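[1] Model the following, please.
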Amino acid sequence: MTHLLVSPTELHAVLQDPALRVYDCRYSLMDPAHGRRSYDTAHLPGAMFVDMNRDLSVPHVAGKTSRHPLPARADWQRRVGELGITPESRAVLYDDNGGASSARMWWMLQWIGHATVAVLDGGWQAWQRAGFPVASTASLPAATMPYPPKSPLVQLLNANQIDGNKQLLLDARDAPRFRGEVEPIDPVAGHIPLALCSPFAANLAADGSFKSAIELREKFAPTIDSSKPVVCYCGSGITACHNILAMAAAGLPLPALYAGSWSEWITDPARPVARGE
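    Residues are numbered from 1 along each chain as shown. Presented below is the predicted three-dimensional model:
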């Protein structure tokens, strides 16, 4: 089983590993109940459900925070322990939206220093195509104890640290939203000045699995050629993590995350907004 991405066949072969922990991260922005409903219908054997809004975010405060604010690091460490993850655990995460919500949890585990975590490449759909068994009974944590403090493996930035003159900013939203032509979610359209559009969907092949390392390096070529530190953002800090995971899969250095992202950036009318390319 590889460190970052695991195939259904690789995961199926180690399902009985006592150190393995599998988490169902399915989520839909337009239907918050989708993940739990899907989990209750069928999920990977032994998988536990993780909710984007209740586990991987704290409540949004209109006009002040992003749509999916990160919990305090200490609170997340406590929740990780409640989910049964210990420093010895090998965590595998999956979803049904190309790894977008799994990547959020992947990043958050890196944030507390947990390195042994992978995303199921191709997610729920790939598992189904492989014909492997599923379960419908909810699984409970194998252990519940505080996760010990460890150094983060990733860098987190706030809005006051964002500067396109000094950083290479990558926006994971699709091109029309980046250009400000449409904005179906947030009250202001556009992007952070000097950012580049790098849609997370372009990290994926037609079957929903991640592209090869060579293809991903081509996509992220601007980061290789740049002398500036790289910062990833998106609408609310979820799909930005997909770009970070893709860069790691390509063998590139891990960029920083602006977790507040666009939905937080626009809460301050003094912050500049750009439109177009």
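[2] residue boundaries of the strands in the stretch 51-200 of the chain?
    Per DSSP state E, counting those that start in this stretch, the stretch 51-200 of the chain carries strands over the ranges 90-94, 117-120, 156-157, 168-171, 196-197.
[3] what about this structure, any weak spots by pLDDT?
    1-2, 143 (pLDDT under 70).
[4] and with 50 instead?
    Applying pLDDT under 50 to the chain flags residues 1.
[5] What residue spans form the domains of this protein?
    Domain segmentation of the chain under automatic domain parsing yields 5-130, 156-265.
[6] could you redo the strands of the stretch 51-200 of the chain as TSV and give each row distance to Met52 and mean neighbour count?
    No exception for glycine: its C-beta is placed from N, CA and C like everyone else's. Formatted as TSV, the strands of the stretch 51-200 of the chain follow (distance: least, CB to CB, whole Å; neighbours: other CB atoms under 10 Å):
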stretch	distance to Met52	mean neighbour count
strand 90-94	12	24
strand 117-120	15	24
strand 156-157	18	17
strand 168-171	20	23
strand 196-197	24	16
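[7] how about those, which one is nearest Ala100?
    Closest to Ala100 of the strands of the stretch 51-200 of the chain is strand 117-120 (CB to CB; 10.1 Å).
[8] which strands and helices sit next to the closest one?
    Judged by 3 or more CB pairs under 8 Å, 6 or more residues apart in numbering; DSSP states H and E, strand 117-120 is in contact with strand 5-6, strand 90-94, helix 100-111.
[9] Single out the most deeply packed of those.
    Stretch with highest mean neighbour count among the helices and strands packed on strand 117-120: helix 100-111 (a mean of 26; mean count of other CB atoms under 10 Å).
[10] So which of the helices and strands packed on strand 117-120 is nearest Leu156?
    helix 100-111 (6.7 Å).
[11] I figured Trp124 hits Asp96, correct?
    Yes: Trp124 sits in contact with Asp96 when judged by CB atoms under 8 Å, with a separation of 4.2 Å.
[12] shared neighbours of the two, anything?
    26, 38 (CB atoms under 8 Å, 6 or more residues apart in numbering).
[13] Is Leu216 within a helix or a strand, and which one?
    Using DSSP states H and E, Leu216 maps to helix 213-219.
[14] So what touches that helix?
    The contact list for helix 213-219 (CB under 8 Å, 6+ apart) reads 198, 202-203, 210-211, 224, 246-247, 249-252.
[15] hmm, which of those residues are the buried ones?
    Neighbour counting with 16 or more other CB atoms under 10 Å marks 198, 202-203, 210-211, 246-247, 249-250, 252 as buried within the contacts of helix 213-219.
[16] Please render the residues you listed as JSON lines that adds distance to Val80 and secondary structure to the earlier fields.
    Below are the buried ones among the contacts of helix 213-219 laid out as JSON lines (distance: CB to CB, whole Å; DSSP: H, G, I helix; E, B strand; the rest coil):
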{"residue": "Ser198", "distance to Val80": "29", "secondary structure": "coil"}
{"residue": "Ala202", "distance to Val80": "31", "secondary structure": "helix"}
{"residue": "Asn203", "distance to Val80": "26", "secondary structure": "helix"}
{"residue": "Phe210", "distance to Val80": "24", "secondary structure": "strand"}
{"residue": "Lys211", "distance to Val80": "30", "secondary structure": "coil"}
{"residue": "Ala246", "distance to Val80": "23", "secondary structure": "helix"}
{"residue": "Met247", "distance to Val80": "24", "secondary structure": "helix"}
{"residue": "Ala249", "distance to Val80": "23", "secondary structure": "helix"}
{"residue": "Ala250", "distance to Val80": "27", "secondary structure": "coil"}
{"residue": "Leu252", "distance to Val80": "26", "secondary structure": "coil"}
